[in-house]
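**Student:** Sequence first, predicted model second:
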Protein chains: 2
Amino acid sequence: MEDSPLIRDWINGHKGEILGALVEFLRFPTISAQHKYWGALEEAAQWLKGQLEGLGFSVRLLGEPPVVYGYYAKAPNKPTLLLYGHYDVQPPEPLELWESPPFAPRLTTEAIYARGASDDKGQVYAHLAAWRYFIETYGELPVNLHVVLEGQEETGSESLYVVLEKHAPEWRCDAVIVSDTAFFAENIPTLTVGLRGLVYGELSVEGPARDLHSGTFGGVVENPIWALCVILAALKGPDGRVHLPDFYAAVRPVAKDERRLWRQLPANAAHYEALTGAPLSGEVGFTPLERIGIRPTIEIHGIWGGYTGEGSKTIIPTSAHAKLSLRLVPHQDPAEVWQRLEEFIHRMAPPGVKVTLRRLHTGAPAFETPTDSPYYQVAAEAVAKAFGRWPVPLREGGSIPVLTALHKALGGVPIVLIGFGLPTDAVHSPNEHFKLTQLWQGIEALIYAYQGFGKL
Amino acid sequence: MEDSPLIRDWINGHKGEILGALVEFLRFPTISAQHKYWGALEEAAQWLKGQLEGLGFSVRLLGEPPVVYGYYAKAPNKPTLLLYGHYDVQPPEPLELWESPPFAPRLTTEAIYARGASDDKGQVYAHLAAWRYFIETYGELPVNLHVVLEGQEETGSESLYVVLEKHAPEWRCDAVIVSDTAFFAENIPTLTVGLRGLVYGELSVEGPARDLHSGTFGGVVENPIWALCVILAALKGPDGRVHLPDFYAAVRPVAKDERRLWRQLPANAAHYEALTGAPLSGEVGFTPLERIGIRPTIEIHGIWGGYTGEGSKTIIPTSAHAKLSLRLVPHQDPAEVWQRLEEFIHRMAPPGVKVTLRRLHTGAPAFETPTDSPYYQVAAEAVAKAFGRWPVPLREGGSIPVLTALHKALGGVPIVLIGFGLPTDAVHSPNEHFKLTQLWQGIEALIYAYQGFGKL
């Protein structure tokens, strides 16, 4: 452990340079959900290519939008790792709530603000900074590395699935490492050992051929907005349970040892109310951590239809729409859930409207990773050393949908989720930011981790 | 009846002039719901003032936005009528569905297209054209006239209520005439004898303080969109009945003679499907005409919240909103209905969200007018003469909210609703238009009507 002061010195001496590069990275409006930004995805991929080549990687851009693939193989007889991350981001809307523009990064003494600062550009860049430490200090990396950075994580990884099909056999490795998750709280480090799966669609209800005067025709045609509300309301009960048939059939009870571990964390109502600004809610009979980590949910992300301007307008609109998703837990099958969702929606639709459900995301099953691999142990030690406290293994509610496919394509090697975000980072929300202490200590932890991996 | 050919000749000789003036009138974007258009209301009022002065009226603009008040009193010993109409219009959205801009009137051989063409500028202008006939032919009008044209009919007539309070005593008259309604169908003339009342509000549901990552927090906070859907879905049953307590307590059964009269009209499923492009729907146990004319309803006019852009975004949004209204029938009290709506909404709201209901419209009770007044009889004869068929008395589903107040303020004089719109006019909808045959025959009917009123 005698190298810690040197490592910290190196980081302190490079803060300006690291932030400068991260600001460049954050400037690309890499919104994969909106096609007009696909040019930015290409530009960011080119920028990443340059960065990786500067560190001695050989780099190729694969697929469209490009998967940035870098390879470093100058450490014979050392383990080979694969870093997975993403350079695309969530849409920044609602723009009016940002205190500074989402793609004009703003630095304060506390944090760096920009869409993608925490999810996932800041966390990806922490690895590049850690690698730079080894190159500058030793002239080489302590491990061999495949780097796979995709541009569609937020929208279903379509391009990566195609690339995986072709290239995964060339990506033989001993473990996968991912930094796209968060601590339970500042000063309470956690390592993520489970993520929920995802099924995402857009529901449309169509009624009259044109907007109708709601006086003249109110009472003789079904209102598409009301029909949409009936369907959406029926999807969940007041007890927080999803109403799709057999939805819980495959869901396993919460394991006793996890329950015990999670009780160490102050995950009470006050904790969540402070984070969300809303009173604690959710499925009856489960603790908040269980609701997030090991119970499936349904959420509506957006809804629109009819007149939404100022004042009153009296119409029966032609149509109404909603975006919705289900988060899945282990053993739930996304294809089966999608089918049940489709069936349920059609069954619940009142007569007189036309209902369609369109898939907006490839979807994915939940993901779990064991805590008994040596790679997990090295990661846990590294986090403990950099943050001063042993990390608790925790299931996160989010999804990194492609992980299951990646895991399978790479022959089932362990995947280590070593993320440095905080639940206060406002990811997917206005004013997303990455706390600078998390960035610096994160880089430190990654340096320790790569040192450790090199010794396995 | 020997003057009919002369009247038709006069109309034929003035078509260009009448359309030219109507196009000018339709160019003002008089959207009372949106404050940025209030300048256009003022301009349109000034334009109307000029038109009326040209016909020999003395004109004042009262209130803000202005009520255009014109007075013509050069027919001693003749009855005095009050024409009520409005020069404001519904918002034109969705703009992308208009085949030509809503405030750039487009003439085809069949119709004139513009927001307000039928509701209500075209119908108001038909009266000005009829008056011009008398001035040009006889140098004077056959009756005395108060003209009251308001700029807030579509949003609750706030300004007119204030003006009424002060000026109604000066507006002594024998009958009120209104052209803001429609025939049952082309070639099936009707005179409107009832209108529904209205209660209109905006419902807002607030949840978390910022948009939340729906993975990270999905399961521990209530989703405001879901809560909104639960409330809205609960407001109506699949049988088409409104679920507010005691909502139907004051509602009277449909009168037998009305039922009989209405059976003459081909108001079947095919009729409404052709008009709306949607299958017939509505309250169980009532015919379509009864559902529209004599049964109350609830409609949702717009809904919005969360992410509504392209592709997928995974958030629990901060809030969700909807615009909704109830149409009321005789004996229902708008104030009581509003209170029950407010109570119901708060009772139905799931815990964990904050719910508010904001009034967007003054509201009004339903309106009925008898068919046995001589003014109704003259109007019916005039319509029969111009359109070749005796008009059926019909209850319309729409509302002219201020009529009840007007009726009361003017001492209970009869109100005649002589409207020339068609249910295919797309009022409140994109591509609103007024059929030219309805305009020309409407002007003809109004000339007969004013001739007849002058003889009472």
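**Tutor:** Structure received.

**Student:** Can you classify the residue of the stretch 101-250 of chain A at minimum distance from chain B by secondary structure?
**Tutor:** At 2.5 Å from chain B, residue A:209 is the closest residue in the stretch 101-250 of chain A, using Cβ to the nearest Cβ. For glycine as for every other residue, the C-beta is placed from the backbone atoms N, C-alpha and C. Per DSSP: H, G, I helix; E, B strand; the rest coil, the local secondary structure of residue A:209 is coil.

**Student:** Report the contact partners of it.
**Tutor:** Shown in contact with residue A:209 (Cβ atoms under 8 Å, 6 or more residues apart in numbering or on different chains): A:318, B:276, B:277, B:278.

**Student:** State the pLDDT value of it.
**Tutor:** Here the pLDDT value assigned to residue A:209 is 95.

**Student:** go on, residue A:29?
**Tutor:** 98.

**Student:** got it, and the one 5 residues further on?
**Tutor:** With respect to pLDDT, residue A:34 has a value of 94.

**Student:** Return the backbone torsion pair for it.
**Tutor:** phi -120, psi 120 (degrees, to the nearest 10).

**Student:** repeat for residue A:239
**Tutor:** phi -90, psi 0.

**Student:** Skipping adjacent residues, who's closest to it in space?
**Tutor:** In space, residue A:239 comes closest to residue A:284 once its chain neighbours are excluded; the distance is 4.6 Å by Cβ to Cβ, 6 or more residues apart in numbering or on different chains.

**Student:** Can you tell me the element the one you found falls in?
**Tutor:** Residue A:284 belongs to no helix or strand when elements are defined using DSSP states H and E.

**Student:** who does the helix or strand containing residue A:439 touch, helix- and strand-wise?
**Tutor:** Residue A:439 belongs to helix A:436-454 when assigned by DSSP H and E. Counting contacts by 3 or more Cβ pairs under 8 Å, 6 or more residues apart in numbering or on different chains; DSSP states H and E, helix A:436-454 packs against helix A:4-27, strand A:111-113, helix A:121-138, helix A:374-387.

**Student:** Return that helix as CSV; C-alpha atoms alone will do.
**Tutor:** Only the C-alpha atoms of helix A:436-454 are listed here, as CSV (Å, rounded to 0.1, in the frame of the first residue of the first chain):
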residue,chain,number,x,y,z
LEU,A,436,-15.5,15.5,-8.1
THR,A,437,-14.5,13.6,-5.0
GLN,A,438,-16.1,10.6,-6.5
LEU,A,439,-14.2,11.1,-9.7
TRP,A,440,-10.8,11.5,-8.0
GLN,A,441,-11.3,8.7,-5.5
GLY,A,442,-12.9,6.6,-8.3
ILE,A,443,-9.7,7.0,-10.4
GLU,A,444,-7.7,6.0,-7.4
ALA,A,445,-9.8,2.9,-6.8
LEU,A,446,-9.5,1.9,-10.5
ILE,A,447,-5.7,2.3,-10.3
TYR,A,448,-5.6,-0.1,-7.3
ALA,A,449,-8.1,-2.4,-9.1
TYR,A,450,-6.0,-2.7,-12.2
GLN,A,451,-2.9,-3.2,-10.1
GLY,A,452,-4.7,-6.0,-8.3
PHE,A,453,-6.1,-7.5,-11.5
GLY,A,454,-2.6,-7.6,-12.9
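
**Student:** any idea what sits nearest residue A:99, other than its immediate chain neighbours?
**Tutor:** Using Cβ to Cβ, 6+ apart, the closest residue to residue A:99 is residue A:431 (5.7 Å).

**Student:** Could you tell me how many residues sit around that neighbour?
**Tutor:** Counted with other Cβ atoms under 10 Å in any protein chain shown, the neighbours of residue A:431 add up to 19.

**Student:** For it, give me its contacts.
**Tutor:** A:97, A:98, A:99, A:113, B:210.

**Student:** could you dump those to CSV with distance to residue A:3 and neighbour count?
**Tutor:** Shown next, in CSV, are the contacts of residue A:431 (distance: Cβ to Cβ, whole Å; neighbours: other Cβ atoms under 10 Å in any protein chain shown):
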residue, distance to residue A:3, neighbour count
A:97, 44, 14
A:98, 40, 20
A:99, 39, 8
A:113, 33, 23
B:210, 40, 19
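
**Student:** What is the nearest of those to residue A:294?
**Tutor:** Ranked by distance to residue A:294 (Cβ to Cβ), those are led by residue B:210 at 25.4 Å.

**Student:** roughly how far apart are that closest one and residue B:233?
**Tutor:** To residue B:233, residue B:210 is 27 Å away according to Cβ to Cβ, to the nearest Å.

**Student:** By mean pLDDT, flag the weakest helix or strand of chain A.
**Tutor:** Across the helices and strands of chain A, mean pLDDT, DSSP states H and E gives its lowest value to helix A:256-262, namely a mean of 87.

**Student:** got the CA coordinates for it in CSV?
**Tutor:** The C-alpha coordinates for helix A:256-262 follow below in CSV (Å, rounded to 0.1, in the frame of the first residue of the first chain):
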residue,chain,number,x,y,z
LYS,A,256,-32.1,-14.2,3.8
ASP,A,257,-28.4,-13.3,3.7
GLU,A,258,-29.1,-10.3,1.3
ARG,A,259,-31.9,-9.1,3.6
ARG,A,260,-29.4,-9.2,6.4
LEU,A,261,-26.6,-7.4,4.5
TRP,A,262,-29.0,-4.7,3.3
